[in-house]
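Enquirer: pasting the sequence and the predicted model now:
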Amino acid sequence: MFGYSDYDRWDIASWLLALLLLCLASCAPEPVAAADTIPRAAIRYRGDLVRQAHLVWGLEAPVADFAGQIHQESAWRPEAESKFAGGLAQFTPDTARWICGAYPAITLSPGPSTEDAKRCDVFNPTWAVRALVTYDKHLWDRISARDACDRMAMALSAYNGGLGWLNRDVRAASSKGLDPLIWWDGVALANAGRAAWAIRENRDYPQKILRRWSPLYAAGGWGRSVCS
């Protein structure tokens, strides 16, 4: 019979220990991400948001939801610019022009250095905040839902992808036997023909705002969320 010397036993033990440490390192969970926080930049626009939300929606305005929406759109960066949109609320030029035409009262007051073209400037944070809460209310008033949370989710879906697409999805949900008056487990499960990337982005939009960002702002004392 073959036996192991003390040296052999030490060598095997060292190898097993190294294997165990390697396994523990590879199987360890990912580091926990830092807790979500409200950006410092948000404080600068908080007063404007509260005032405009109360003006358009009343004193029970869901300010936390609007704050969460701006957080999702631009992380409170008024200079933020994507391929087709810009500003705090990430409006496209076409949508900005439509809002100014439909709601002329929200345009910036003309001044000595304010050209008409800049009165609906998506990069002007004052206008962007006014326009966001106004457009959200426009969509809200044209949507029926089982409760306020579902209604806001649908309004956010329409903000992201257009009211026409939301209405098509509502009809598609009904035709599939889904409840057209609820978002989660209802309209969100229907696709009236959007591209895969577009439907993913659209469904993720209200989910992130109402389930992640709005609670953050509500907990921070920014006001209520319709889903809490």
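Expert: It's in.
Enquirer: helix or strand right after the helix or strand of the chain at the bottom of the mean pLDDT ranking?
Expert: Across the helices and strands of the chain, mean pLDDT, DSSP states H and E gives its lowest value to helix 6-27, namely a mean of 44. Going down the chain from helix 6-27, the next helix or strand is helix 40-57, by DSSP states H and E.
Enquirer: what's the following helix or strand past that following helix in contact with?
Expert: Once helix 40-57 ends, the next helix or strand along the chain (criterion: DSSP H and E) is helix 63-74. With contact meaning C-beta atoms under 8 Å, 6 or more residues apart in numbering, helix 63-74 is reached by 38-39, 42, 45-46, 49-50, 53, 76, 80, 87-90, 129, 132-133, 136, 152, 156, 159, 205, 208-210, 212-218, 222-228. Every C-beta, even on glycine, is put in place using the N, C-alpha and C of the backbone.
Enquirer: select only the buried ones of those residues in PyMOL?
Expert: Per 16 or more other C-beta atoms under 10 Å, the buried members of the contacts of helix 63-74 correspond to this PyMOL selection:
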select buried, resi 38+42+45+46+49+50+53+76+80+87+88+89+90+129+132+133+136+152+156+159+205+208+209+210+213+214+215+216+217+218+222+223+225+226+227
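Enquirer: in helices, which of the contacts of helix 63-74 appear?
Expert: 42, 45-46, 49-50, 53, 129, 132-133, 136, 152, 156, 159, 205, 208, 214-218 (DSSP state H).
Enquirer: could you chop this protein up by domain?
Expert: 37-141, 144-218 (automatic domain parsing).
Enquirer: same list (the ones you listed) but as CSV, adding mean pLDDT.
Expert: Below are the domains of the chain laid out as CSV (pLDDT from 0 to 100):
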stretch, mean pLDDT
domain 37-141, 91
domain 144-218, 98
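Enquirer: quick one: contacts for R77?
Expert: Counted by C-beta under 8 Å, 6+ apart, R77 has contacts A41, L88.
Enquirer: just E60 next, same as before
Expert: Taking C-beta under 8 Å, 6+ apart as the test, what E60 contacts is R224.
Enquirer: tell me the spacing between it and D169.
Expert: Distance of E60 to D169, given as C-beta to C-beta, to the nearest Å: 28 Å.
Enquirer: swap in A148?
Expert: A148 is 19 Å from D169, by C-beta to C-beta.
Enquirer: more neighbours: which of the two?
Expert: Of the pair A148 and D169, D169 is the one with more neighbours under other C-beta atoms under 10 Å, namely 29 against 14.
Enquirer: do I have it right that the more buried one meets A190?
Expert: Yes - with contact defined as C-beta atoms under 8 Å, D169 counts as touching A190 (5.1 Å).
Enquirer: what about the closest residue in space to W183 that isn't next to it in sequence, how many neighbours?
Expert: Nearest non-adjacent residue to W183, counting by C-beta to C-beta, 6 or more residues apart in numbering: A153, 3.8 Å away. Neighbour count of A153, defined by other C-beta under 10 Å: 28.
Enquirer: enumerate every residue touching A153.
Expert: A145, W183, W184, A188, P206, L210.
Enquirer: next up, the contacts around the fifth one.
Expert: The one in question is P206. Neighbouring residues of P206 by C-beta under 8 Å, 6+ apart: M152, A153, M154, L156, S157, N160, W183.
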